[in-house]
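*Asks:* Output the structure for:
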Amino acid sequence: MELAILSARVFTGDSRRPWAEALLVRDGRIAEVGANQGIRRACRGSAAQVLELPGSLITPGLVDAHCHFGYLGLALAAVDLRGQPSLLACRERIREAAAARKPGEWILGRGWDQFQWEEPREPTLEDLDDVTPHSPAMMVRACGHSVWVNSLALARAGITRDTPDPPGGRIERDPASGEPSGLVREARHLIERVMPPPTEEDWKDAILVSQRESLRVGLTGVHSFETLRQWAAMRALEEEGKLKIRVHCSIQGYELEKAASLGLKPGSGSDRLWLGHVKLFADGSLGSGTALLHEPYADDASQSGIAVTSLDDLREGVERAYRYGYGVAIHAIGDKAATHSLAAIAGAREKIPGERRDRIEHVQLLRPEDMPLFRDLGVVASVQPVFLPTDWRVAEERWGKARCRRGGYAWKSILEAGIPIQFGSDAPVEPNDPRLGLQAAVARQTTAGEPEGGWMPEQRLTLEQAIKGFTEVAAWTARREEDLGTIAPGRRADLTVFEEDLFQVPVADWPSVAVKMTIVDGEPVQPD
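*Replies:* Prediction:
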């Protein structure tokens with residue numbers, strides 16, 4: 001099959017030829033890139049499909065380099081609490097969902113954020129009990145690191161005032177009575193272990209929902225962080241011919257032995273679905289107050305976050321991943337978590353040398369003095385620009401303006417220090433629409449234009465830099481740089497086509513620019 005695309009503006013991402021106006025695809029790969037005249041000549045006499053796309057922008061296929069693909073599909077079916085202006089508004093949505101459930105059936109929701117409420121206090125079980133009187137309920141905070149549950153959920157889980165905090169987690173308690181307050185931090189598994197688990201068919205359905213949404217917004221690939229359950233569901237979909245998007249799948253550190261027993265190893269899979277990194281956790285999140293900091297929180301001097309994994313255990317986790325041949329992707333939001341992650345990687349590399357493509361996920365706060373080691377180790381900063389519009393006020397409140405100015409969401413400083421940077425969304429924490437990520441990276445504002453001039457505007461990126469974060473670097477960390485990430489002869493023809501040229505459109509308008517076409521392996525892919 002041949003496909004010729006003409007009269008477009010093509011950003012190739014290839015430093016040897018960054019711009020073109022036309023390209024030719026043959027058998028799923030880029031055959032030629034150049035001017036209209038040359039591409040017309042190359043396909044003359046063939047049965048090539050010809051698309052004239054004047055005014056459109058074509059980029060290498062955009063990749064969400066950090067998401068939770070199966071959980072995104074499940075979250076889209078849960079009670080949606082994102083963007084709600086108050087606790088009252090959240091309660092009304094939950095009440096409506098409870099009214100449609102049978103007594104005893106779990107009620108699940110996602111996306112609440114007390115910092116977006118008129119009264120920015122955290123909720124309690126009393127705020128949930130009266131709207132869910134007959135069913136256990138769990139509402140996952142926007143960050144995914146805290147859950148708000150009702151009394152029936154606590155009872156099902158066997159959590160009482162005498163239940164000890166689990167390692168790396170905390171059960172919040174009423175200061176007067178000592179009873180659980182309804183908030184559980186970094187220990188969601190205590191609740192989920194008593195919930196009916198999704199079946200493989202449930203996961204397949206959820207993944208198809210995620211795939212449909214991802215293709216709609218122009219993503220040709222994702223890096224997904226989940227478990228072997230989702231891996232099995234994606235493999236089944238691939239065998240059925242239903243997996244259209246590329247998935248670089250990482251597994252959890254506790255699943256290494258199980259993966260090995262199944263004959264899986266780094267790179268297992270296909271060109272459409274393959275295994276890559278091992279996910280480890282150094283800390284929690286900003287909004288939950290569990291991001292691990294060198295200095296106490298600005299709004300609570302008694303707290304410095306939670307080391308979800310101790311430094312010693314983190315070192316052991318990296319070493320175990322290396323022994324099995326994997327690189328690591330370490331969740332680190334606070335600056336001390338980043339310090340621990342770098343120390344663990346450096347120590348493990350001394351013991352177990354080898355070529356590595358490690359990554360630290362989120363990097364929301366980073367000490368400038370840690371940047372040289374970050375660069376020297378060649379670790380990738382895997383960040384989520386779409387966090388900034390909802391986080392900037394919270395970061396200033398919780399971490400303080402001065403600390404944020406030194407190393408908060410410091411993407412330009414990271415790049416200028418020689419540290420590779422790639423972009424994702426952490427969906428379902430935030431929407432997986434790359435247009436929102438591009439806008440946040442370049443403008444450092446909300447879609448409403450706040451704050452005026454951008455938050456710490458000296459850290460703004462160019463559009464070229466932002467696109468490369470969604471393409472070239474993501475291909476390298478996934479060990480697919482020979483096939484993906486740029487538009488050049490011989491590369492796979494994964495392309496994102498925008499209706500308008502983002503380089504000619506005001507940055508504030510980027511989220512509304514339509515995705516005209518998503519192309520994978522040279523074929524326009526229509527969401528099911």
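*Asks:* Number of residues surrounding the closest residue to Trp274 other than its chain neighbours?
*Replies:* Using C-beta to C-beta, 6 or more residues apart in numbering and skipping residues adjacent in sequence, the residue nearest Trp274 is Gly267, 5.9 Å away. Any C-beta I mention is one placed from the backbone N, CA and C, and that applies to glycine too. Gly267: 11 surrounding residues under other C-beta atoms under 10 Å.
*Asks:* Check which helix or strand Gly267 maps to.
*Replies:* Under DSSP states H and E, no helix or strand contains Gly267.
*Asks:* what's near enough to touch it?
*Replies:* Going by C-beta atoms under 8 Å, 6 or more residues apart in numbering, Gly267 touches Trp274, Leu275, Gly276, Arg479.
*Asks:* one more time with 10 Å, if that's ok
*Replies:* Trp274, Leu275, Gly276, Gly325, Tyr326, Arg479 (C-beta atoms under 10 Å, 6 or more residues apart in numbering).
*Asks:* which of those count as buried?
*Replies:* Buried residues within the contacts of Gly267, defined by neighbour count using 16 or more other C-beta atoms under 10 Å: Trp274, Leu275, Gly276, Tyr326, Arg479.
*Asks:* still on that earlier bit, now do the residue nearest to Trp274, the pLDDT please.
*Replies:* Looking at Gly267, its pLDDT is 94.
*Asks:* Repeat that for the one 5 residues further on.
*Replies:* At Arg272 the predicted local distance difference test score is 97.
*Asks:* What of Asp528?
*Replies:* With respect to pLDDT, Asp528 has a value of 53.
*Asks:* quick revisit: and the contacts of Gly267 as TSV, adding distance to Tyr297 and secondary structure?
*Replies:* Listed next are the contacts of Gly267 as TSV, based on distance: C-beta to C-beta, whole Å; DSSP: H, G, I helix; E, B strand; the rest coil:
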residue	distance to Tyr297	secondary structure
Trp274	40	strand
Leu275	37	strand
Gly276	34	strand
Gly325	39	coil
Tyr326	34	coil
Arg479	38	coil
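*Asks:* mind listing what's buried in stretch 307-327?
*Replies:* Residues 307-309, 311, 313-322, 324, 326-327 are the ones in stretch 307-327 that count as buried (16+ other C-beta under 10 Å).
*Asks:* And for stretch 441-455?
*Replies:* Across stretch 441-455, burial judged by 16+ other C-beta under 10 Å covers Ala441, Val442, Ala443, Arg444, Gln445, Thr446, Thr447, Gly454, Trp455.
*Asks:* Quick one: the strands in the stretch 101-250 of the chain, in order.
*Replies:* Remark: strands assigned in the stretch 101-250 of the chain by DSSP state E, counting those that start in this stretch are 107-112, 137-141, 146-149, 170-173, 180-185, 219-225, 246-252.
*Asks:* now the angle from the fifth one to strand 137-141?
*Replies:* Right, the one you point to is strand 180-185. 40 degrees (axes from the mean of the first three to the mean of the last three C-alpha atoms, to 10 degrees).
*Asks:* now swap in the first one and tell me
*Replies:* For the pair strand 107-112 and strand 137-141, the angle between their directions (the same axes, to 10 degrees) equals 20 degrees.
*Asks:* Centre of the chain to strand 107-112, how far?
*Replies:* Relative to the chain's own centre, strand 107-112 is displaced by 18 Å; criterion: C-alpha atoms, centre = their mean, to the nearest Å.
*Asks:* Could you do the third one as well?
*Replies:* Using C-alpha atoms, centre = their mean, the mean C-alpha position of strand 146-149 is found 21 Å from that of the whole chain.
*Asks:* Next, the contact list for Gly70, please.
*Replies:* 198, 202-207, 209-210, 224, 226-227, 229-231, 233-234.
*Asks:* my bad, Trp19
*Replies:* Arg9, Val10, Phe11, Thr12, Val33, Phe503.
*Asks:* Name the nearest residue to Ser302, sequence neighbours excluded.
*Replies:* Pro296 (7.0 Å).
*Asks:* what's around that neighbour, how many residues?
*Replies:* 13.
*Asks:* Kindly report the same for Glu481.
*Replies:* Glu481: 16 surrounding residues under other C-beta under 10 Å.
*Asks:* mind giving me the domain ranges of this protein?
*Replies:* Following automatic domain parsing, one gets these domains for the chain: 2-54, 70-192.
*Asks:* May I see those domains organised as TSV, with mean pLDDT added?
*Replies:* Listed next are the domains of the chain as TSV, based on pLDDT from 0 to 100:
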stretch	mean pLDDT
domain 2-54	94
domain 70-192	93
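*Asks:* could I get those domains as a markdown table with distance to Gln252?
*Replies:* Shown next, in a markdown table, are these (distance: least, C-beta to C-beta, whole Å):
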| stretch | distance to Gln252 |
| --- | --- |
| domain 2-54 | 32 |
| domain 70-192 | 11 |
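*Asks:* and the strands of the stretch 101-250 of the chain as TSV, adding mean neighbour count and distance to His362?
*Replies:* Converted to TSV, these look like this (neighbours: other C-beta atoms under 10 Å; distance: least, C-beta to C-beta, whole Å):
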stretch	mean neighbour count	distance to His362
strand 107-112	24	18
strand 137-141	26	15
strand 146-149	27	16
strand 170-173	18	20
strand 180-185	22	17
strand 219-225	27	11
strand 246-252	24	14
